[in-house]
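K.L.:
give me coordinates for this.
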Amino acid sequence: MTAPFPEPDTKERFVRSSVLVVLPTYNERDNLQRVVAGIRSCGYDVAVVDDSSPDGTGELADEMAKADPGLQVLHRPRKMGLGSAKILAFRYGLEHDYSAMMEMDADASHLPEFLDPLVESARSTGGVAIGSRYVRGGSVVGWGPARRALSAGANFYCRLLLRLKLRDCTSGYRCYSATTLSRVGLDRVFAEGYGYQIEMLYRCSRLGVPITEIPIRFVDRIYGDSKVTAGEVLRSLVTVLRLRFRGV
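P.N.:
A predicted model of the protein is given here:
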């Protein structure tokens with residue numbers, strides 16, 4: 001049975017034992033140690049889900065886990081998609097009685113200083129907290145005009161077709177209460193790539209789950225290459241169409 005969120009006066013216990021931060025990885029060896037160290041310094045447990053990274057990310061994660069009981073590593077046989085990686089870790093978190101699951105990118109673009117506000121928001125509402133780049137106080141550092149236009153267009157597309165009243169539908173920095181994940185029904189989520197971000201919000205919205213946007217500062221990666229390809233963008237567009245005309 002999933003443990004309820006602790007009361008605010010037991011926040012330290014809650015932080016250290018009840019929240020699992022999910023890090024899907026594929027060729028993130030240059031970023032992994034810094035990202036995990038930032039999360040662990042805040043007191044949160046971490047689950048790395050590695051898709052057999054050719055650069056040895058999974059092996060590095062295993063070495064780190066030997067010295068840190070708060071770090072778990074889940075291996076997959078090949079590159080299988082961002083969404084399915086997160087769902088695998090969410091199932092692990094539910095099975096191990098975490099009260100909330102946080103998702104972050106492993107490229108150091110999501111700063112650990114925003115972990116606590118996101119966790120507290122999800123705790124207080126029992127729903128979802130989004131680290132939003134596009135609400136007042138949020139910002140993006142390091143993107144050129146083309147990347148900004150693509151992100152703005154994608155979010156407008158989601159709001160228009162799915163009637164989502166959110167500014168940042170594509171953010172990958174979020175905290176879900178375990179109750180919310182159980183209600184969504186992870187077995188029903190079909191998007192395996194980046195479209196998963198949109199599908200999860202749509203499903204939560206349809207269920208009436210509270211969704212809160214917390215402003216964050218997003219900093220573009222320094223090391224490694226972006227995993228957002230033209231193919232991923234197209235698949236995300238198709239996911240939105242499927243949700244709009246076929247529902248959940």
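K.L.:
and the spatially most central residue of the chain, how far from V22?
P.N.:
Centroid-nearest residue in the chain, with Cα atoms, centre = their mean: E103, separated by 2.7 Å. Note on E103: its distance to V22, by Cβ to Cβ, to the nearest Å, is 5 Å. For every residue, glycine as well, the C-beta is placed using N, CA and C.
K.L.:
and for G153?
P.N.:
For G153, the distance to V22 equals 27 Å [Cβ to Cβ].
K.L.:
who touches V238 in this structure?
P.N.:
Contact analysis of V238 by Cβ atoms under 8 Å, 6 or more residues apart in numbering lists G195.
K.L.:
which of the helices or strands spans it?
P.N.:
Per DSSP states H and E: V238 is located in helix 230-246.
K.L.:
let me know the average pLDDT across that helix.
P.N.:
Helix 230-246 shows a mean pLDDT of 81.
K.L.:
how about that helix as CSV, C-alpha atoms only?
P.N.:
Presented in CSV, the C-alpha positions along helix 230-246 are these (Å, rounded to 0.1, in the frame of the first residue of the first chain):
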residue,chain,number,x,y,z
ALA,A,230,12.8,15.6,-36.1
GLY,A,231,11.3,12.1,-35.8
GLU,A,232,10.6,12.6,-32.1
VAL,A,233,8.8,15.9,-32.9
LEU,A,234,6.7,14.2,-35.5
ARG,A,235,5.7,11.4,-33.2
SER,A,236,4.7,13.9,-30.5
LEU,A,237,2.5,15.7,-33.0
VAL,A,238,0.8,12.4,-33.9
THR,A,239,0.4,11.6,-30.2
VAL,A,240,-1.6,14.9,-29.7
LEU,A,241,-3.8,14.1,-32.7
ARG,A,242,-4.5,10.6,-31.4
LEU,A,243,-5.4,12.0,-28.0
ARG,A,244,-7.6,14.7,-29.5
PHE,A,245,-9.6,12.4,-31.8
ARG,A,246,-9.4,9.0,-30.1
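K.L.:
centre of the chain to it, how far?
P.N.:
Chain-centre distance of helix 230-246: 19 Å, with Cα atoms, centre = their mean, to the nearest Å.
K.L.:
same question, stretch 37-51
P.N.:
Worked out by Cα atoms, centre = their mean, stretch 37-51 lies 12 Å from the chain centre.
K.L.:
does I222 count as helix, strand or coil?
P.N.:
When classified by DSSP: H, G, I helix; E, B strand; the rest coil, I222 comes out as coil.
K.L.:
okay, now the nearest residue to it once chain neighbours are set aside: neighbour count?
P.N.:
Among residues not flanking I222 along the chain, A108 sits closest, at 6.9 Å (Cβ to Cβ, 6 or more residues apart in numbering). A108 has 21 neighbouring residues, counting by other Cβ atoms under 10 Å.
K.L.:
and what of P54?
P.N.:
Counted with other Cβ under 10 Å, P54 comes out at 11.
K.L.:
from R203, how far off is the residue nearest to the centre of the chain?
P.N.:
Separation of E103 from R203 (Cβ to Cβ): 15 Å.
K.L.:
which one of G153 and V22 is surrounded by more residues?
P.N.:
Set G153 next to V22 and count neighbours by other Cβ under 10 Å: V22 wins out with 24 against 11.
K.L.:
what's the spacing between the more buried one and G93?
P.N.:
Distance from V22 to G93, counting by Cβ to Cβ: 7 Å.
K.L.:
pull up the overlap in contacts between these two.
P.N.:
Common contacts of V22 and G93 (Cβ under 8 Å, 6+ apart): A47, M101.
K.L.:
secondary structure of A47: a strand, I assume?
P.N.:
Yes: under three-state DSSP, A47 falls within a strand.
K.L.:
so what's it bridging to?
P.N.:
A47 forms beta bridges with V22, Q72, as assigned by DSSP bridges.
K.L.:
pLDDT weak spots in the chain?
P.N.:
Where the chain drops to pLDDT under 70, the residues are 1-17, 226-230, 247-248.
K.L.:
what ranges do the strands span in it?
P.N.:
Listed in chain order, the strands of the chain (DSSP state E) span 19-25, 45-50, 71-75, 100-103, 128-132, 139-141, 174-177, 211-215, 217-219.
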